[in-house]
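**Student:** structure, please.
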Amino acid sequence: MKLSITIPMLFITLLTTNLFWSQHNVDSTKIVRVLSFNILHGATTKGDFNLDLIAKVIKDANPDFVAMQEVDDRTNRAKKYDLVTELGWRTKLSPLFGKAMDYDNGEYGEGILSKTSFLSTRNIALPYYDDHEPRAALEITTTLSTKDTISFIGTHLDHLNDERDRVLQVEKLNEIFSKNKYPTILAGDLNAEPNSTPINILEKVWTAAYDKNNIEYTYPSDNPVIKIDYVLFYPKNRWRVLETKVIQDTIASDHCAYLVTLELLDE
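**Tutor:** Numbers count the residues shown, from 1 in each chain. All right, here's what the predicted structure looks like:
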């Protein structure tokens, strides 16, 4: 089903939705809403700085967990804001920042926002070639209202046309997180299209939420023509996809936000 809404404003929200609810009996107490959103270091496609616009995209999606990429922490270009904390305050979600590298008199990396507090966190440095940008995978482990414990990971893979870094990085993701004790969700800007080598390597371990027969494009936000933003989960038998949605806002970021609704299944 495709749903388009035209609004006489500066931005458009809600692009494409895939629904799977009607096919199954759903336990509404175990629904988990996950948003992946590359926030363009707090800038907008107009070249200004508008955290309220980014926060509105997040609030309107009403996620339980958000994985944010291109997150600045007190850089000059982000006006010395701690973006994760600022967006956490605006969305009333618990914030966490994970550094990938020093940048512009501050730091740059991943951000997570969560409706629940953290039992534990870790930030895993991902491998890269010496002349490329460092990347990281930020993880939280948390307990849902049903007392189920899960882990949630946000990451951002290398952006270069050369796939060498991304291959190293997905192999590390598989190695580290396939050992997780709890059901796990991985979300982020992977800078790789479906059926590429990095995605195929990931899908040896992870199950991707997208419909391979009806791929929803996520980039660029003004005219999405490729999919590079993902939500994946592990193990396969603990999660069911209920809905996927691409949220298009042509001003808030150059990426669409990608919202996936999952059901946590009993063992």
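**Student:** helices along the stretch 151-267 of the chain, start to end?
**Tutor:** 164-177, 197-202 (DSSP state H, counting those that start in this stretch).
**Student:** which secondary structure elements does the first one sit against?
**Tutor:** Contacts of helix 164-177 with other secondary structure elements, assessed using 3 or more C-beta pairs under 8 Å, 6 or more residues apart in numbering; DSSP states H and E, are made with strand 120-126, strand 135-143, strand 149-156, strand 184-189, helix 197-202. For the C-beta atoms, the positions are set from N, CA and C on the backbone; glycine is no exception.
**Student:** dump these into CSV; add mean neighbour count, mean pLDDT and distance to Thr44 as well.
**Tutor:** Putting these into CSV (neighbours: other C-beta atoms under 10 Å; pLDDT from 0 to 100; distance: least, C-beta to C-beta, whole Å) gives the following:
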stretch, mean neighbour count, mean pLDDT, distance to Thr44
strand 120-126, 15, 98, 27
strand 135-143, 22, 98, 24
strand 149-156, 25, 98, 19
strand 184-189, 26, 98, 17
helix 197-202, 18, 98, 29
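**Student:** tabulate the ones you listed (a markdown table), appending distance to Ala78.
**Tutor:** Formatted as a markdown table, the helices and strands packed on helix 164-177 follow (distance: least, C-beta to C-beta, whole Å):
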| stretch | distance to Ala78 |
| --- | --- |
| strand 120-126 | 19 |
| strand 135-143 | 18 |
| strand 149-156 | 16 |
| strand 184-189 | 18 |
| helix 197-202 | 28 |
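**Student:** which one of those lies closest to Asp222?
**Tutor:** Taking C-beta to C-beta, strand 184-189 is the member of those nearest to Asp222, at 16.7 Å.
**Student:** returning to what we had before: which of the helices of the stretch 151-267 of the chain sits closest to Gly42?
**Tutor:** Per C-beta to C-beta, nearest to Gly42 of those: helix 164-177, 24.1 Å.
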